[in-house]
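Enquirer: Below are the sequence and a predicted model; questions follow.
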Amino acid sequence: MNLSNRIKLSSMMFLEFFIWGSWFVTLGTFLGNNLNASGSQSAAVFSTQSWGAIIAPFIIGMIADRFFNAEKILGILHLVGAVLMYQMYNATDISAFYPYVLSYMILFMPTLALVNSVSFNQMKDPEKEFSTIRVWGTIGWIVAGLLISFVFHWDSADGIKSGFMKNTFMMAGVGSLILGIFSFALPATAPKVSKEKVKVSEILGLDALKLLKDKNFAIFFVSSILICIPLAFYYQNANPFLSNIGVDNPTGKMTIGQMSEVLFLLLLPVFFSRFGFKKTILVGMLAWALRYALFAYGNASDLSFMLIIGIALHGVCYDFFFVSGQIYTNSKAGVQYKSAAQGLITLATYGIGMLIGFEVAGSITDTYKMADGFDWKMIWVIPAGIAAVVFLLFAVLFNDKEKVKVEGV
């Protein structure tokens with residue numbers, strides 16, 4: 001890959017995840033403080049991510065992959081996204097805000113696949129080249145969080161009280177506008193030419209349902225859905241929790257999770273090859289239970305180190321479960337069902353699992369809302385318990401002794 005394309009693709013990844021990190025991390029805090037949203041209303045807003053994940057394959061599989069260049073679709077989606085972000089910035093109540101965020105997520109989720117498609121199209125050896133491009137996305141997410149906390153102070157007590165949190169949507173909108181225009185300068189990624197009619201089952205990965213006949217894969221599949229229930233608690237409640245209990249610069253400190261994600265992604269192949277799939281994924285499940293226990297019993301003063309450790313565990317939680325799960329799925333699917341199987345797991349986790357998770361998280365949050373705030377201890381103990389139960393079920397029921405090969409190790 002020449003230097004010009006490397007810079008373009010790295011910039012694309014940086015902007016893609018800068019945009020997402022600009023508003024999604026602080027969304028729960030914004031909804032509660034600026035729009036006075038209840039737990040169930042917040043759950044409905046966060047669930048738009050799941051609806052976007054469910055609808056995204058149709059946009060990619062039926063439109064982008066067949067009729068238009070990927071970089072042009074990417075540009076159009078982000079230009080429209082910039083307009084929707086501006087509308088979210090102006091929204092003053094949850095009923096006005098929801099249609100815009102739903103529309104935005106339906107358009108944004110497909111861009112996650114599009115940036116990968118544009119990148120892979122320029123690579124001769126994706127296994128070696130992709131990580132050096134994709135890491136700029138994580139850097140973009142980190143930069144957004146650091147700007148919110150340490151430069152603009154929008155998530156400070158005074159910033160929240162003054163309503164400055166809505167500026168995160170303006171920052172995301174500007175980023176979306178820039179990426180929308182910049183996308184048209186990206187390397188051309190022509191559509192896949194196919195005269196055959198595309199099947200809905202292929203787009204959604206439903207052809208891979210045959211893999212569920214394998215008992216161990218079925219156990220993994222169900223566990224993937226269940227573990228997304230505690231995952232939803234983190235997305236929906238972590239930033240409001242840290243802000244509510246008085247942690248300084250909460251959004252900036254949450255970027256520690258992305259930093260650890262980079263570190264543990266590098267450690268994953270070594271751990272995976274030495275200990276195998278089952279032990280690796282069990283460590284990931286246990287990390288979810290541990291991080292929520294730390295949140296439940298930590299505080300913003302003498303026990304603040306517990307909160308920092310909980311945030312730092314994000315790398316173990318995400319990489320050791322989700323990334324190792326993708327590797328396992330790839331190994332079980334075989335050549336015929338590789339793409340379909342990954343699509344099925346994505347649909348199960350970010351679609352079904354997260355939809356259930358956000359609904360549960362919203363209900364629990366409403367249940368433990370008090371006159372002067374929230375009973376955060378119980379709000380975190382419950383997902384910790386759920387993660388522990390999933391850990392035990394997987395440890396007892398999963399018994400696949402077949403060695404999973406990690407490519408490149």
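Expert: Now that the structure is in, tell me what you want to look at.
Enquirer: Name the helix or strand for residue 56, please.
Expert: helix 48-59 (DSSP states H and E).
Enquirer: Please write out the alpha-carbon positions of that helix in PDB.
Expert: Coordinates of the C-alpha atoms in helix 48-59 are reproduced here as PDB (Å, rounded to 0.1, in the frame of the first residue of the first chain):
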ATOM      1  CA  THR A  48     -31.300   2.200  18.200                       C
ATOM      2  CA  GLN A  49     -27.800   0.800  17.900                       C
ATOM      3  CA  SER A  50     -29.300  -2.700  17.800                       C
ATOM      4  CA  TRP A  51     -31.900  -1.700  15.200                       C
ATOM      5  CA  GLY A  52     -29.100  -0.200  13.200                       C
ATOM      6  CA  ALA A  53     -27.100  -3.400  13.400                       C
ATOM      7  CA  ILE A  54     -30.100  -5.500  12.300                       C
ATOM      8  CA  ILE A  55     -30.900  -3.200   9.300                       C
ATOM      9  CA  ALA A  56     -27.300  -2.600   8.300                       C
ATOM     10  CA  PRO A  57     -26.800  -5.900   6.400                       C
ATOM     11  CA  PHE A  58     -29.600  -4.900   4.100                       C
ATOM     12  CA  ILE A  59     -28.000  -1.600   3.200                       C
END
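Enquirer: For it, enumerate the helices and strands it packs against.
Expert: Packing contacts for helix 48-59, counted by 3 or more Cβ pairs under 8 Å, 6 or more residues apart in numbering; DSSP states H and E, involve helix 94-120, helix 354-367. (C-beta placed from N, C-alpha, C; glycine too.)
Enquirer: Could you list the buried residues of that helix?
Expert: 48, 49, 50, 51, 52, 53, 54, 55, 56, 57, 59 (16 or more other Cβ atoms under 10 Å).
Enquirer: can you check stretch 96-116 too?
Expert: 97-98, 100-116.
Enquirer: about what we covered before: the helix holding residue 56 - what's its average pLDDT?
Expert: Mean pLDDT, computed over helix 48-59, is 85.
Enquirer: Ok, stretch 373-391 next?
Expert: Rounded mean pLDDT across stretch 373-391 is 96.
Enquirer: try stretch 184-204
Expert: Mean pLDDT, stretch 184-204: 72.
Enquirer: Domain parsing of this protein, as residue ranges.
Expert: Listed by automatic domain parsing, the domain ranges of the chain are 1-187, 201-409.
Enquirer: hey, least reliable of those domains by pLDDT?
Expert: domain 201-409 (a mean of 89).
Enquirer: where does that one sit relative to the chain's centre, distance-wise?
Expert: Computed by Cα atoms, centre = their mean, to the nearest Å, the chain-centroid distance of domain 201-409 equals 10 Å.
Enquirer: now the strands for the chain?
Expert: Taking DSSP state E as the criterion, the chain carries its strands at 369-370, 373-374.
Enquirer: what's the most buried one of these?
Expert: Stretch with highest mean neighbour count among the strands of the chain: strand 373-374 (a mean of 15; mean count of other Cβ atoms under 10 Å).
Enquirer: any residues touching that one, and which ones?
Expert: Residues from elsewhere that reach strand 373-374, judged by Cβ atoms under 8 Å, 6 or more residues apart in numbering: 241, 244, 365, 368.
Enquirer: So which of the residues you listed is the closest to residue 37?
Expert: Nearest to residue 37, judged by Cβ to Cβ, of the contacts of strand 373-374 is residue 365 at 10.3 Å.
Enquirer: Could you dump the strands of the chain into a markdown table and include distance to residue 293?
Expert: A markdown table is the format used below for these (distance: least, Cβ to Cβ, whole Å):
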| stretch | distance to residue 293 |
| --- | --- |
| strand 369-370 | 21 |
| strand 373-374 | 17 |
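Enquirer: Out of those strands, flag the one nearest residue 186.
Expert: Residue 186 lies closest to strand 373-374 among the strands of the chain, at 44.1 Å (Cβ to Cβ).
Enquirer: That closest one: partners in the sheet, and parallel or antiparallel?
Expert: strand 369-370 (antiparallel) (DSSP bridges).
Enquirer: how far does the helix holding residue 56 sit from the chain's center?
Expert: Distance, centroid of helix 48-59 to centroid of chain: 13 Å (Cα atoms, centre = their mean).
Enquirer: who's in contact with it?
Expert: Residues contacting helix 48-59 (Cβ under 8 Å, 6+ apart): 24, 98, 101-102, 104-110, 112-113, 203-205, 235, 343, 346-347, 350-352, 354-355, 358.
Enquirer: Could you do stretch 161-174 as well?
Expert: Outside stretch 161-174, the residues that touch it by Cβ under 8 Å, 6+ apart are 19-20, 22-23, 26, 29-30, 33-34, 81-83, 85-86, 88-89, 144, 147-148, 152-155, 159.
Enquirer: Can you give me the neighbour number for the nearest residue to residue 184 once chain neighbours are set aside?
Expert: In space, and not counting its chain neighbours, residue 184 is closest to residue 75: 4.9 Å by Cβ to Cβ, 6 or more residues apart in numbering. Using other Cβ atoms under 10 Å, residue 75 is surrounded by 21 other residues.
Enquirer: Ok, residue 396 next?
Expert: Residue 396, neighbours per other Cβ under 10 Å, totals 9.
Enquirer: repeat for residue 7
Expert: Around residue 7 there are 11 residues (other Cβ under 10 Å).
Enquirer: What's the separation between it and residue 136?
Expert: As judged by Cβ to Cβ, to the nearest Å, residue 7 and residue 136 stand 10 Å apart.
Enquirer: likewise residue 343?
Expert: Residue 343 is 25 Å from residue 136, by Cβ to Cβ.
Enquirer: So for those two, which residue has more residues nearby?
Expert: residue 343 (23 against 20).
Enquirer: what's the spacing between that one and residue 93?
Expert: 36 Å.
Enquirer: Same check on residue 215?
Expert: Residue 215 is 49 Å from residue 93, by Cβ to Cβ.
Enquirer: what residues are up against the closest residue to residue 393 other than its chain neighbours?
Expert: Leaving aside its sequence neighbours, residue 393 sits nearest to residue 223 (Cβ to Cβ, 6+ apart; 6.9 Å). If a contact means Cβ under 8 Å, 6+ apart, then residue 223 has 285, 390, 393, 394, 398 as its contacts.
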